[in-house]
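Participant: Generate a structure from the sequence data that follows.
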Amino acid sequence: MQHGNDPHLPRLRQALALQKQGHLADAEAQLHAVLQAAPNHAMALHLLGVLCASTGRYAQAVQALQRSLHSQPGDATAHHNLANALRASGDLHGAQAACDEALRLHPAYVSAYCTRAAMAQQRGLPADALDDLNRALAIDPGHGQAQALKQGLLQAARAGGLQLVDRTDPRQLWPHADHPLYRLAIEMLAQRQFAPAAQMLERLLSTDLQMAQRYPRAVGALVQAKQHLCDWTGLPRWLAMVEAGLAAGVEHIQPFVLLACCDQPALQLRCAQIFDPPSGARPRNHTPRAGGRIKVAYLSADFHEHATAHLMAGLFEQHDRKDFEWVALSFGPDDHSPMRQRLQRAFDAFVDVSGWSDAQVVDWMCAQEIDIAVDLKGHTHGARTGILKHKPAPIVVNYLGYPGTLGMAGVDYILGDPVVTPRSHQSHYSEHIAQLPDSYQVNDRLRHIGTDTPARTDEGLPAQGFVFASFNAHYKITSDVFQVWMRLLLRVPGSVLWLLCEDEQARQNLRRAAADQGVDANRLVFATRAPLSQHLARHRLADLFLDTLPCNAHTTASDALWAGLPVLTCCGQAFAGRVAASLLTAVGLPELITHSLSDYEHLAGQLATHPEQLQALQRRLRDNRDAAPLFDTTRSARHIEQAYRHMVERWRQGLPPQPFTVTPLTAS
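Facilitator: So this is what the prediction gives:
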């Protein structure tokens, strides 16, 4: 394309700015002015093609992009945009050829692999689609669109009774890679094959002291694998390297992985900033609308049977329709579940954007004049943070899905509460803290608890004895917390620890760790996954829920409290380690919040050996549950809407975002 000495660059920049502001007709006029002076100007033709495609004029888009490529045939981006335009016009054969050419020119073009995979699935070639998505994820394991497409592809295959097996060895996909062992380990990790991944990564990092510098993410990947295996041998060494690297600006670890092994909010902010640095995306400019309903779009990959949906379904249904318009933008799989159907009914508009590029999502949001974009994913699996970098709405909010800061410019607010996001922690957030009353976590009062309680023996529990339970994801279990649990089992005769862990290697490691502490490994009882109503019902078999640190129980804690099971927590420093304290405060049981592992251990032992104290807490939980703010969905909805109103009011007045506190309602 023409560069710095191009006399048409000022007009092209103006066209780009107008397009990003949504002034498409003016932008197109500027491009035609350039083409009147220079009919074969490659950049102008390319931009015109993209603009025409965004407005549904695919034939004109194809013509402009083909002319652009005639002038500059080596432009991989133009070939990819041509592929998208041809696909939209129904020419899959031409789209395939254009996509192939884009990848020939740019073999690491992740978005082009995603496009080609989507076309392969459309043509009934799921195995070919999976190969391309594996190629994309081998280049960028955290690419949100590729993750979502692969998840949807595998889900569709399972729903159709098709056994879809990864046919492609990552070592063959990237023979030019510096170290194929690293590529293979990352692919094993993506497939949740943690044991071989850990072995490969330890082998890689042990061969040469320089490997950690050459492949910095290998260190974080090893930490992740070991956490999922509950294998704590050597872990302090790797964690020390991660923390030192973060202080020096080294991209060792993904932010979500760090939450389960680090309780330092300053390091979590640093990690998020390093992991997701500023990109070349140009934020859109937005012009305030005069009045009208506030348009709010929730963005997520979890609008199906998922913990986020279990918490938020009631909120979506309770939202005010008079002053607001509610939109769901779903980039995750459709599991055709009752929950998916319930969510689709809960919104004014439910749009599946799983096959759209980030730019297409942003274009749609700008055309719809969305006022507030609420991201429910953050740095979790399947996230699409690339959408947020374009500033798709004048106000962007981080909420619920990720318990921490995104570390991104352009994300204006995070919804918190006085416990998870105290005012003194503002410096640890790139967002401005919008403080909700009660707890930040919304809950669905329609979560059904099964009426039939299983027998203890049905769940592998002894007929008698105290049952400590911790249904957290097992990767949250740390060596320090596990040692506390083992001392409790030794202190309370006949007691057992009931865990939710289906990974056999992790189970073996936990049994071995118990034996090392002098505890009979048979006193660890492992639950299997069950439908939510059955899972809630079996909470009645437990006596006390033991929380984890530095990453607390979140949905798991509210499940336990909703089912009537007291939760004992140790409050940490960072958001993820303060969630259970927030829930207990909002349900009226602050006595179950401790602030050190020694106090946590002492109180757990006290409650397990003094049944009258525990029974009093159980009665208070039962009495509080229906009236407590934690489970008042309507009250939570009004508070969140009050926060949204305040954000929009400031923006319409031309004022920048700032921290604020929502005034609590006097009654629900």
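Participant: how much space between L65 and R342?
Facilitator: According to C-beta to C-beta, to the nearest Å, L65 stands 42 Å off from R342. Every C-beta, even on glycine, is put in place using the N, C-alpha and C of the backbone.
Participant: Pick out whichever of the two has more residues nearby.
Facilitator: Ranked by neighbour count (other C-beta atoms under 10 Å), L65 and R342 place L65 first, with 28 against 17.
Participant: Tell me if I'm right that the more buried one and A44 touch.
Facilitator: No: L65 is not in contact with A44 according to C-beta atoms under 8 Å; the separation is 11.7 Å.
Participant: Can you name the next helix or strand after the helix or strand hosting W364?
Facilitator: Following DSSP states H and E, the helix or strand that holds W364 is helix 358-367. Next helix or strand after helix 358-367 toward the C-terminus (DSSP H and E): strand 372-375.
Participant: From the chain's centroid, how far away is that following strand?
Facilitator: 14 Å (C-alpha atoms, centre = their mean, to the nearest Å).
Participant: Could you name the helices and strands sitting against it?
Facilitator: strand 294-300, helix 385-389, strand 395-398, helix 633-652 (3 or more C-beta pairs under 8 Å, 6 or more residues apart in numbering; DSSP states H and E).
Participant: do that again at 10 Å, thanks
Facilitator: Other helices and strands packing on strand 372-375, by 3 or more C-beta pairs under 10 Å, 6 or more residues apart in numbering; DSSP states H and E, are strand 294-300, strand 324-330, helix 358-367, helix 385-389, strand 395-398, strand 413-416, helix 633-652.
Participant: So, low pLDDT: which residues of the stretch 1-150 of the chain?
Facilitator: Across the stretch 1-150 of the chain, residues meeting the criterion (pLDDT under 70) sit at 1-5.
Participant: at 80 what do you get?
Facilitator: By pLDDT under 80, the weakly predicted segments of the stretch 1-150 of the chain are 1-5, 19-22, 107-108, 138-142.
Participant: Which parts of it are helices?
Facilitator: With helices called from DSSP state H, counting those that start in this stretch, the stretch 1-150 of the chain shows them at 9-20, 24-37, 42-54, 58-71, 76-88, 92-105, 110-122, 126-139, 144-159.
Participant: Return the set of buried residues in the longest one.
Facilitator: Yep, that's helix 144-159 we're talking about. Buried positions in helix 144-159, judged by neighbour count with 16 or more other C-beta atoms under 10 Å: 144-157.
Participant: And the second one, by the same measure?
Facilitator: Counting neighbours by 16+ other C-beta under 10 Å, one finds that the buried residues in helix 24-37 are 24, 27-28, 30-31, 34-35.
Participant: now do the fifth one
Facilitator: By 16+ other C-beta under 10 Å, the buried positions in helix 76-88 come out as 76-87.
Participant: would you list these in JSON lines and tack on distance to E649?
Facilitator: Formatted as JSON lines, the buried residues of helix 76-88 follow (distance: C-beta to C-beta, whole Å):
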{"residue": "A76", "distance to E649": "45"}
{"residue": "T77", "distance to E649": "40"}
{"residue": "A78", "distance to E649": "43"}
{"residue": "H79", "distance to E649": "46"}
{"residue": "H80", "distance to E649": "41"}
{"residue": "N81", "distance to E649": "39"}
{"residue": "L82", "distance to E649": "44"}
{"residue": "A83", "distance to E649": "44"}
{"residue": "N84", "distance to E649": "39"}
{"residue": "A85", "distance to E649": "41"}
{"residue": "L86", "distance to E649": "45"}
{"residue": "R87", "distance to E649": "42"}
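Participant: Break this structure into its domains for me.
Facilitator: Residue ranges for the domains of the chain, per automatic domain parsing: 9-106, 178-275, 294-435, 456-631.
Participant: Q658 is nearest to which of these?
Facilitator: domain 294-435 (5.7 Å; C-beta to C-beta).
Participant: May I have the distance across stretch 398-417, first residue to last?
Facilitator: Stretch 398-417 has an end-to-end distance of 13 Å (C-alpha to C-alpha, to the nearest Å).
Participant: Equivalent analysis for stretch 495-511, please.
Facilitator: Termini of stretch 495-511 sit 15 Å apart (C-alpha to C-alpha).
Participant: just stretch 353-370 next, same as before
Facilitator: 15 Å.
Participant: hmm, back to that, just the domains of the chain: most buried one?
Facilitator: The highest mean neighbour count among the domains of the chain, using mean count of other C-beta atoms under 10 Å, belongs to domain 294-435: a mean of 21.
Participant: circling back to that earlier point, what would the helices and strands packed on strand 372-375 look like in TSV with mean pLDDT and distance to N552?
Facilitator: Formatted as TSV, those follow (pLDDT from 0 to 100; distance: least, C-beta to C-beta, whole Å):
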stretch	mean pLDDT	distance to N552
strand 294-300	98	22
strand 324-330	97	28
helix 358-367	91	32
helix 385-389	92	24
strand 395-398	98	18
strand 413-416	98	14
helix 633-652	97	19
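Participant: Dump these into TSV; add distance to D6 as well.
Facilitator: Converted to TSV, the helices and strands packed on strand 372-375 look like this (distance: least, C-beta to C-beta, whole Å):
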stretch	distance to D6
strand 294-300	37
strand 324-330	37
helix 358-367	23
helix 385-389	27
strand 395-398	34
strand 413-416	40
helix 633-652	36
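Participant: Tell me which of those lies nearest to L51.
Facilitator: With C-beta to C-beta as the criterion, L51 lies closest to helix 358-367 of the helices and strands packed on strand 372-375, at 9.8 Å.
Participant: Keeping just the C-alphas, turn the closest one into PDB.
Facilitator: Coordinates of each C-alpha in helix 358-367 appear next as PDB, following Å, rounded to 0.1, in the frame of the first residue of the first chain:
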ATOM      1  CA  ASP A 358     -14.100  -8.500  16.500                       C
ATOM      2  CA  ALA A 359     -14.500  -5.700  14.000                       C
ATOM      3  CA  GLN A 360     -17.900  -7.000  12.800                       C
ATOM      4  CA  VAL A 361     -19.100  -7.100  16.400                       C
ATOM      5  CA  VAL A 362     -17.900  -3.600  17.000                       C
ATOM      6  CA  ASP A 363     -19.500  -2.400  13.800                       C
ATOM      7  CA  TRP A 364     -22.800  -3.900  14.800                       C
ATOM      8  CA  MET A 365     -22.700  -2.400  18.300                       C
ATOM      9  CA  CYS A 366     -21.900   1.100  16.900                       C
ATOM     10  CA  ALA A 367     -24.700   0.800  14.300                       C
END
